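Undergrad: Next comes the sequence, and after it the predicted model I'd like to discuss.
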Amino acid sequence: MKIKYVGQFIKHFYRRIQPYPHLNYQFDERVKLFLNSPNHPILKSHKLKGKKKDRRAFSVTGDIRVVYFIEGDIIYFVDIGTHNQVY
């Protein structure tokens, strides 16, 4: 599978994650795990509800989430941030 970063994901990543080296490292590790085993329990991957019911999310840390959707063999990362920021 291939990952594509969509619009606000890039903006939010550089603002919310990249300035913090430990979060940046944790993000890289979780993405590797996600690509190898998308349903690994550590990721807590789940479907979203309401307006985002066509999306899914997984955890980078206890409070940092990545919102994504899959079309074919491409994973689109849509947003990243704390629970309150992305939902």
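TA: Arrived safely, thanks for sending.
Undergrad: Name the residue closest to the centre of this protein, please.
TA: The centre of the chain sits closest to residue 66, judged by Cα atoms, centre = their mean, with a distance of 1.8 Å.
Undergrad: which residue packs closest to it, ignoring adjacent ones?
TA: Using Cβ to Cβ, 6 or more residues apart in numbering and skipping residues adjacent in sequence, the residue nearest residue 66 is residue 80, 5.1 Å away. Glycine gets a C-beta too; all of them are placed from N, C-alpha and C.
Undergrad: host element of that neighbour?
TA: Secondary structure here is read from DSSP states H and E; on that basis residue 80 sits in strand 74-82.
Undergrad: ok, back up a step: verify the stated contact: the residue nearest to the centre of the chain with residue 48.
TA: No. Here residue 66 lies out of contact with residue 48, judged by Cβ atoms under 8 Å, at a distance of 11.7 Å.
Undergrad: Just the helices from the protein, written as ranges.
TA: For the chain, applying DSSP state H gives helices covering 8-16, 21-36, 83-86.
Undergrad: The worst-scoring helix or strand of the chain on mean pLDDT - contacts with which helices or strands?
TA: Considering only helices and strands, the least confidently modelled element of the chain by mean pLDDT, DSSP states H and E is helix 83-86, at a mean of 94. With contacts taken as 3 or more Cβ pairs under 8 Å, 6 or more residues apart in numbering; DSSP states H and E, helix 83-86 sits against strand 64-71, strand 74-82.
Undergrad: The last one packs against which elements?
TA: Under the contact criterion of 3+ Cβ pairs under 8 Å, 6+ apart, the helices and strands touching strand 74-82 comprise strand 2-5, helix 8-16, strand 64-71, helix 83-86.
Undergrad: Any buried residues in that strand, and which?
TA: Residues of strand 74-82 classed as buried under the neighbour-count rule (16 or more other Cβ atoms under 10 Å) are 75-81.
Undergrad: could I get those residues as JSON lines with pLDDT?
TA: Formatted as JSON lines, the entries for those read as follows, by pLDDT from 0 to 100:
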{"residue": "75", "pLDDT": "97"}
{"residue": "76", "pLDDT": "98"}
{"residue": "77", "pLDDT": "98"}
{"residue": "78", "pLDDT": "97"}
{"residue": "79", "pLDDT": "97"}
{"residue": "80", "pLDDT": "98"}
{"residue": "81", "pLDDT": "97"}
